[in-house]
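Participant: what follows is a predicted protein model with its sequence.
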Amino acid sequence: MQVKEILLQKPDGQDIVAKGWVRTKRGQANIVFININDGSTISNIQAVVEDGVISEDILKKITTGACIAVTGKLVASAGAGQSVEIIASEIEVYGIADETFPMQPKKHSLEFLREKAHLRFRTNTFGAIFRIRHALAFAVHKYYNDNGFFYLHTPIITASDAEGAGEMFRVSTFEANKAPLAEDGSIDYTQDFFGRETSLTVSGQLEGELGALALSKIYTFGPTFRAENSNTTRHLAEFWMIEPEVAFYELEDNMNLAEDFVKYVIKYALENCADDLAFLEKRLLEEEKSKPQNDRSELSLLDKLKFVVENDFERITYTEAVEILIRSKPAQKKQFQYEVAWGIDLQSEHERYLVEKHFKKPVILTNYPKDIKAFYMKQDDDNGAAPGPTVRAMDVLFPGIGEIIGGSQREDNYEKLLKRVEEVGIDPENIWWYLETRKFGSAPHSGFGLGFERLVLFVTGMGNIRDVIPFPRAPKTAEF
Ligand code: ATP
Ligand code: MG
Ligand code: MG
Ligand code: MG
């Protein structure tokens with residue numbers, strides 16, 4: 001029985017076995033208390049060892065980090081903070097952990113734990129994070145399934161670069177320096193495994209669109225890869241993305257879907273991860289206390305999550321956002337490191353200003369300048385107040401994070417799409433299959449990508465994206 005289940009049992013003195021890793025062992029005269037955790041829940045189960053019941057030899061082997069099985073009777077506990085405990089009659093030691101075990105019961109820095117990624121699972125903090133991550137992944141599937149979407153598996157190895165950002169990891173079977181060369185001196189990929197240049201996917205969107213233009217409502221949820229060469233707390237080289245794609249949806253439907261979906265999964269976590277969230281909230285409160293007064297967060301983690309679930313997101317155009325940012329400039333002073341003007345790609349400092357200082361709630365920004373967005377976004381017929389051409393893009397911005405979702409209505413007009421493809425320098429031959437969907441039964445459609453780790457980052461209140469994925473991949477970071 002898992003510890004989570006044991007803790008829910010009625011303590012009638014029945015025989016029970018609890019297995020797990022020792023968190024703490026405390027000895028008093030004639031009695032020893034051992035707390036074990038098996039990762040099924042944030043709570044430990046306490047084993048009480050009365051004098052003489054377990055041999056000294058075995059007791060000596062039971063130190064923090066050891067793995068043991070405790071057999072005994074389940075009784076009501078008199079101690080605070082736990083309802084039941086086990087009066088041990090037998091203990092089997094599966095694996096000892098000597099004093100070099102790095103996860104001793106003291107506060108470790110997250111940097112230290114990142115270096116010990118193979119063992120950080122055994123801490124309360126990472127146990128909580130990965131259980132919440134699991135719950136969110138489950139909620140994602142549940143949401144889409146319950147709303148008539150089909151889970152479509154898009155390829156991990158692709159020949160297309162959806163974002164055109166040049167951040168792709170090449171996939172090749174050629175050995176270094178032994179690749180055959182073409183006449184012009186470039187690598188001859190026609191001799192490679194797939195007979196052409198291939199990479200790890202940066203997004204399943206283009207393939208997802210093929211599914212949507214037949215099954216109407218699909219979503220992907222898979223790993224994506226980007227050779228991000230900067231070290232930020234918001235970027236990974238390998239991350240998971242959720243990408244719904246829906247036929248007959250226009251930009252506004254897309255915004256409604258994004259808002260409803262994000263609220264649903266956060267609410268799911270609030271309802272199903274209460275203990276883990278309460279633990280992380282307490283941890284954060286302690287962290288906040290060490291910060292200067294005016295850097296402290298106004299809301300606790302749970303209040304922040306509830307606020308997002310209960311309030312409408314602000315919806316404004318990129319052009320309006322730029323006006324707000326320009327107006328926000330204090331006289332004589334520089335407000336941002338990166339100056340704002342219509343046409344720039346907003347930086348995280350701008351996004352966070354809009355969300356955290358101006359609106360104080362999540363914001364959906366729409367109708368971005370055409371030149372800073374990907375080729376597949378639908379061009380606006382009317383630019384409204386914007387000084388240049390815009391596209392039906394939408395980014396969802398979250399407090400503490402900035403961009404959490406990027407999406408758009410897709411260009412469904414064949415001629416316009418082809419023109420745009422050529423403008424940005426993509427060889428139409430390379431995405432002939434994508435272009436053909438606009439030739440045969442094209443339909444208005446929309447979709448977006450939610451970076452799963454950014455969502456987990458928000459829900460757990462953690463500060464660095466490397467702490468919300470079990471095995472972070474970042475520049476010079478791939479230990480195993
Ligand atoms: P950013 O501006 O933060 O670099 P992006 O605009 O390049 O993000 P998109 O191509 O719009 O990202 O991808 C959709 C979503 O995927 C983003 O909104 C974000 O949540 C997530 N995402 C993008 N790049 C990364 C990354 N390197 N690591 C983790 N999540 C990412
Ligand atoms: Mg990016
Ligand atoms: Mg962006
Ligand atoms: Mg984006």
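Facilitator: Yes, it's here. Ligands and ions are numbered 1, 2, ... in the order given.

Participant: neighbours of residue 196, how many?
Facilitator: Counted with other C-beta atoms under 10 Å, residues neighbouring residue 196 total 10. C-beta here means a position set from N, CA and C on the backbone, and glycine is covered the same way.

Participant: for it, which non-adjacent residue is closest in space?
Facilitator: Leaving aside its sequence neighbours, residue 196 sits nearest to residue 189 (C-beta to C-beta, 6 or more residues apart in numbering; 5.3 Å).

Participant: check contacts around that neighbour.
Facilitator: 172, 195-198 (C-beta atoms under 8 Å, 6 or more residues apart in numbering).

Participant: before we move on, what about residue 447?
Facilitator: Per C-beta under 8 Å, 6+ apart, neighbours of residue 447: 205, 208-209, 212, 243-246, 249, 254, 407-408, 410.

Participant: what bridges to it?
Facilitator: Residue 447 has the following beta-bridge partners by DSSP bridges: residue 245, residue 408.

Participant: in the stretch 351-480 of the chain, which spans are helices?
Facilitator: Along the stretch 351-480 of the chain, the stretches classed as helices by DSSP state H, counting those that start in this stretch are 414-423, 432-436, 452-460.

Participant: want to throw those helices into a markdown table with distance to ligand 1 and mean neighbour count?
Facilitator: Shown next, in a markdown table, are the helices of the stretch 351-480 of the chain (distance: least, C-beta to the nearest ligand atom, whole Å; neighbours: other C-beta atoms under 10 Å):
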| stretch | distance to ligand 1 | mean neighbour count |
| --- | --- | --- |
| helix 414-423 | 17 | 15 |
| helix 432-436 | 17 | 13 |
| helix 452-460 | 4 | 25 |
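
Participant: pull the number of nearby residues for residue 238.
Facilitator: Neighbours around residue 238, by other C-beta under 10 Å: 17.

Participant: not counting sequence-adjacent ones, nearest residue to it?
Facilitator: Of all residues not flanking residue 238 in the chain, residue 473 sits nearest, at 3.9 Å (C-beta to C-beta, 6+ apart).

Participant: that neighbour contacts residue 236, doesn't it?
Facilitator: Yes. Counting by C-beta atoms under 8 Å, residue 236 is a contact partner of residue 473 at 5.9 Å.

Participant: tell me the contacts of the closest residue to residue 422 other than its chain neighbours?
Facilitator: The shortest distance from residue 422 to any non-neighbouring residue, by C-beta to C-beta, 6+ apart, is to residue 428 (6.7 Å). Residue 428 is in contact with 418, 421-422, 435, counting by C-beta under 8 Å, 6+ apart.

Participant: and the stretch 351-480 of the chain, which residues reach ligand 1?
Facilitator: With C-beta under 6 Å from any ligand atom as the criterion, the stretch 351-480 of the chain meets ligand 1 at residues 403-406, 449-451, 453-454.

Participant: er, the stretch 101-250 of the chain actually
Facilitator: So far as C-beta under 6 Å from any ligand atom goes, the stretch 101-250 of the chain lies against ligand 1 at 163, 226, 228, 234-236, 239, 241.

Participant: against residue 226, how distant is residue 183?
Facilitator: For residue 183, the distance to residue 226 equals 32 Å [C-beta to C-beta, to the nearest Å].

Participant: then residue 219?
Facilitator: 20 Å.

Participant: which one's more surrounded, the two?
Facilitator: Neighbour count, other C-beta under 10 Å: between residue 219 and residue 226, residue 219 has more, with 26 against 21.

Participant: quick one, what contacts that one?
Facilitator: Taking C-beta under 8 Å, 6+ apart, we find residue 219 in contact with 144, 149-152, 208, 242-245.

Participant: give the buried subset of those residues as a PyMOL selection command.
Facilitator: Of those, the buried ones can be selected in PyMOL as follows, counting by 16 or more other C-beta atoms under 10 Å:
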select buried, resi 144+149+152+208+242+243+244+245
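
Participant: ok, which pair from the contacts of residue 219 is furthest apart?
Facilitator: The largest separation in the contacts of residue 219, counting by C-beta to C-beta, is between 150 and 242 at 13.7 Å.

Participant: out of everything not next to it in sequence, what's closest to residue 307?
Facilitator: Nearest residue to residue 307 in three dimensions, chain neighbours excluded: residue 299, at 6.5 Å (C-beta to C-beta, 6+ apart).

Participant: what does residue 101 give?
Facilitator: That would be residue 65: by C-beta to C-beta, 6+ apart, it lies 3.6 Å from residue 101.

Participant: what do you get for residue 465?
Facilitator: residue 453 (5.1 Å).

Participant: give me the element the residue sitting furthest away from the middle of the chain is part of.
Facilitator: Largest separation from the mean C-alpha position in the chain: residue 52, at 49.2 Å (C-alpha atoms, centre = their mean). In this structure, residue 52 is located outside every helix and strand according to DSSP states H and E.

Participant: relative to residue 173, how far out is it?
Facilitator: Distance, residue 52 to residue 173, by C-beta to C-beta: 65 Å.

Participant: try residue 212
Facilitator: 32 Å.

Participant: repeat for residue 44
Facilitator: In terms of C-beta to C-beta, residue 44 sits 49 Å off from residue 173.

Participant: more crowded one of those two?
Facilitator: residue 44 (22 against 10).

Participant: the more buried one and residue 34 touch, don't they?
Facilitator: No. With contact defined as C-beta under 8 Å, residue 44 does not reach residue 34; the gap is 9.1 Å.

Participant: what's the overlap in contacts for the two?
Facilitator: Joint contacts of residue 44 and residue 34 (C-beta under 8 Å, 6+ apart) are residue 24.

Participant: quick check: phi and psi at residue 33.
Facilitator: phi -110, psi 130 (degrees, to the nearest 10).

Participant: that one - how many residues pack around it?
Facilitator: 15.

Participant: what residues are bridge-paired with it?
Facilitator: Bridge pairing for residue 33 - DSSP bridges - gives residue 26, residue 48.

Participant: list the contacts of it.
Facilitator: 24-27, 46-49.

Participant: output those residues in TSV, with neighbour count, distance to residue 80 and pLDDT appended to each entry.
Facilitator: Formatted as TSV, the contacts of residue 33 follow (neighbours: other C-beta atoms under 10 Å; distance: C-beta to C-beta, whole Å; pLDDT from 0 to 100):
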residue	neighbour count	distance to residue 80	pLDDT
24	15	15	95
25	18	19	96
26	10	14	94
27	11	19	90
46	22	11	97
47	25	17	97
48	19	15	97
49	24	20	97
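
Participant: any chance of those in TSV, with distance to residue 116 too?
Facilitator: As requested, the contacts of residue 33 are exported to TSV (distance: C-beta to C-beta, whole Å):
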residue	distance to residue 116
24	19
25	21
26	24
27	27
46	26
47	26
48	31
49	29
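
Participant: relative to ligand 1, which of those residues is nearest.
Facilitator: Among those, residue 24 lies closest to ligand 1 (C-beta to the nearest ligand atom), at 35.7 Å.
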